[in-house]
Each structure stands twice: as structure tokens, then as C-alpha cells.
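S.K.: structure for the following, please:
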Amino acid sequence: MPHADAAYCERVVREHARTFALASRFLSAPKRRATFALYAFCRAADDMVDEAVERDGPAAARRLDRFRSQLGVALVRQPATPLFRELAWAVRAYRVPPAVLDELLDGVARDLRPGRYESWPELARYCEGVASSVGEMCTHVFGVTGGPGARRAALRYARALGVAMQLTNILRDVGEDARGGRCYLPLEDLARFDLDADEIVAAARTASPATHASRVAAAPLARDERWRALMAFEIDRARAIYATATPGIALLSPDTRRCASACAIGYAAILGAIERNGYDTLARRACVDRWTRVTVLWDAWRAKGSTIATDDAARTAPALQWEAAGAVGAPHHPTDMIKWA
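M.R.: Sure thing, here's the model as predicted:
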């Protein structure tokens, strides 16, 4: 049964997470199995919320509550499903704190309630719930070189990387989310560039969505300089957070650094794909092509993780105390967007 349960989680990863599926090749079999179990858990929770947005919110909320109850049972008694059997094994084997699993569920549950984010700090807290929690889970599986101080620093870096990756998701999926009535972009940022959330939603709903740029004309708003400036600003922010987070890879166990590097490089590559699409994420969904994914694996293989010294990485770990990038219309620089420990 363990083999069948592991195969179930692996199918979920290979169907939904191409970048991670490739990056996982750098992991040992036990650590790969554990991260697949964590991904399948996160994916199941996220799918419930997506279903709520598309169809039946109250029913999805009830399913998420049942899912949380099943998690609690699985961690103390014999789990009843392949997903929870694998998850319970991973939590025990790598001492993943149950609290971080609850944090993920709390984070995805926020999408059950309609709402928008006034500022970047508000959005960053959402990103922490749905993605920094995942980074923390993976850090426990990957392992850390050094003592308790290094572990605390590695978790900070991992949580920052989760924010960068979730912000990348948000920028890639603006059109898809807007067609479901959601706009995650901070209202303060929209105002900075003379835009508003209703305009974004309307533009996405009138665009013709397609996966590949060759099959669809750009959404009209995507050609607007206001939109292009906004997207360039948000991409700068995401890249600044990646730059902040990636030195933490040096703190991870050597056998996992290539995987972490591949995940970070692969996800950051989506930002370049958005730029190549002319910043149109209203009608297009930016994708990393096969050649780029191969290049990501090669870069990760050569890098073996960050080149920053481990002691330096531990000493300069970021604190997730986010601040806005200044008043509307003010100059900004990526390093203004992060507070340090």
C-alpha cells in the first residue's frame, strides 16, 4: 500500500506541477516522496477553493472543514486515504509541524471570502499563508546544515521564497482570477498607476483567453502604458524578493540545494515569460517552454545552490515585515520593499 499511496501523490505532482516535478529529480527518493505528499495535500485544499469560486462556495467551505478534520484524525490515528496516509508518513518522518499545515488551510480559506487587498503588506500576509507555509514544510523535509540558528534563518528565507513564488502566480494568473471575479493586485498599487480593480476584471472578462500568445490578440488594456508600468513594477518587486530569498539555499542540506535552486530559477523564469508576452496576463497565461525548463535544470545542476557563505546567509536572513514601496507616485527601488532582520 505505501507504494500505491506514493504513486497517487506522484501523479498529482506530474499532472499539475511541471517545474517541481523536474526539480524533484535532484532529491533522494525518500525526500522526493515526502515533498510529493505535501504537494498533493496543498493541491487538494487549493482545488476545493477553486471549485468554490467557480460553483458552490458554501459547499466548498464545508468540504474544506471536513478536510481539516480529516487532517487532524490522520495525524493521530490510522489515515483512511492514500493522500493522508502519505502525508502522515511525511509529517512523522521529517517532523513537519502540524501548525504549518493548518496555516496553509487558513490561507486558502481566505479565498472563500470575497475581498481585495488594500496594500502590499496585506497581500504579502496572504502570500505567507498560502505559500510561505509550503516553503516551511519543504525546509523541514530538505533539512538544514547547522544548528538552531541556521534552521531559523533557513525558514525565514524559505518563507520569503514562498512569497516571491506566490506573487509570480498572481501576476501570471491575473486574467484567470479576474474572470472568476478576483483581483489580488493591491489597490494601492493600482491607484499608483491610475487603475482600479473593476477595470482589471472588466478587461479580463472581455478578452479572449488562450494559453499561447500565437493564438490570441493582446487584451486592449495590456497595451495601455498604465498596465505595462504596473506589471513592470510588480515584476521588480517579485525579483527583489527572489534575490532576498535565494541565499538561503546555501543553508539547506547539500543533497537538496539543486532542487531548491531549480524551483526558484524555474518559477522566476515565469516573470521573463510575462515580459515576452508584452505584460499581457489578462488574455494570456505565461508559460515556461521546454527548452527553458531544460536550461533551468542545467543552471541548478551547475549552481549547487547559492554561492553566498553559509554564515553570511544565516546572519542576514530576512524578516517578513513587509512595507509598501512608498507613496503613490514616489520613486521606488526593489530593496525598498523588504525589511531585514
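
S.K.: hey, C-alpha coordinates of the helix or strand containing Y242 in PDB?
M.R.: Using DSSP states H and E, Y242 maps to helix 225-245. Output of helix 225-245 as PDB, limited to C-alpha atoms (Å, rounded to 0.1, in the frame of the first residue of the first chain):
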ATOM      1  CA  GLU A 225       1.100  52.100 -20.600                       C
ATOM      2  CA  ARG A 226      -0.600  52.200 -17.200                       C
ATOM      3  CA  TRP A 227      -0.900  48.400 -17.200                       C
ATOM      4  CA  ARG A 228       2.600  47.800 -18.600                       C
ATOM      5  CA  ALA A 229       4.100  50.100 -15.900                       C
ATOM      6  CA  LEU A 230       2.100  48.400 -13.200                       C
ATOM      7  CA  MET A 231       3.300  44.900 -14.300                       C
ATOM      8  CA  ALA A 232       6.900  46.100 -14.600                       C
ATOM      9  CA  PHE A 233       6.600  47.400 -11.000                       C
ATOM     10  CA  GLU A 234       5.200  44.200  -9.700                       C
ATOM     11  CA  ILE A 235       7.800  42.100 -11.500                       C
ATOM     12  CA  ASP A 236      10.500  44.300 -10.000                       C
ATOM     13  CA  ARG A 237       9.000  43.500  -6.600                       C
ATOM     14  CA  ALA A 238       8.900  39.800  -7.200                       C
ATOM     15  CA  ARG A 239      12.500  39.700  -8.500                       C
ATOM     16  CA  ALA A 240      13.700  41.700  -5.400                       C
ATOM     17  CA  ILE A 241      12.100  39.100  -3.200                       C
ATOM     18  CA  TYR A 242      13.700  36.200  -5.100                       C
ATOM     19  CA  ALA A 243      17.000  37.900  -4.700                       C
ATOM     20  CA  THR A 244      16.400  38.300  -1.000                       C
ATOM     21  CA  ALA A 245      15.300  34.600  -0.600                       C
END
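
S.K.: what's the angle from whichever helix or strand comes after that helix to helix 225-245?
M.R.: Proceeding N to C from helix 225-245, the next assigned helix or strand is helix 257-276, under DSSP H and E. In terms of direction (axes from the mean of the first three to the mean of the last three CA atoms, to 10 degrees), helix 257-276 departs from helix 225-245 by 170 degrees.

S.K.: let's number from 40 now, not from 1
M.R.: Done: numbering now begins at 40, and the last item shifts to helix 296-315.

S.K.: thinking again about what came up before, may I see the buried residues of the helix holding Y281?
M.R.: By neighbour count on 16 or more other CB atoms under 10 Å, the buried set for helix 264-284 is 266-267, 269-270, 273-281, 283-284. Placement of C-beta: from N, CA and C, glycine included.
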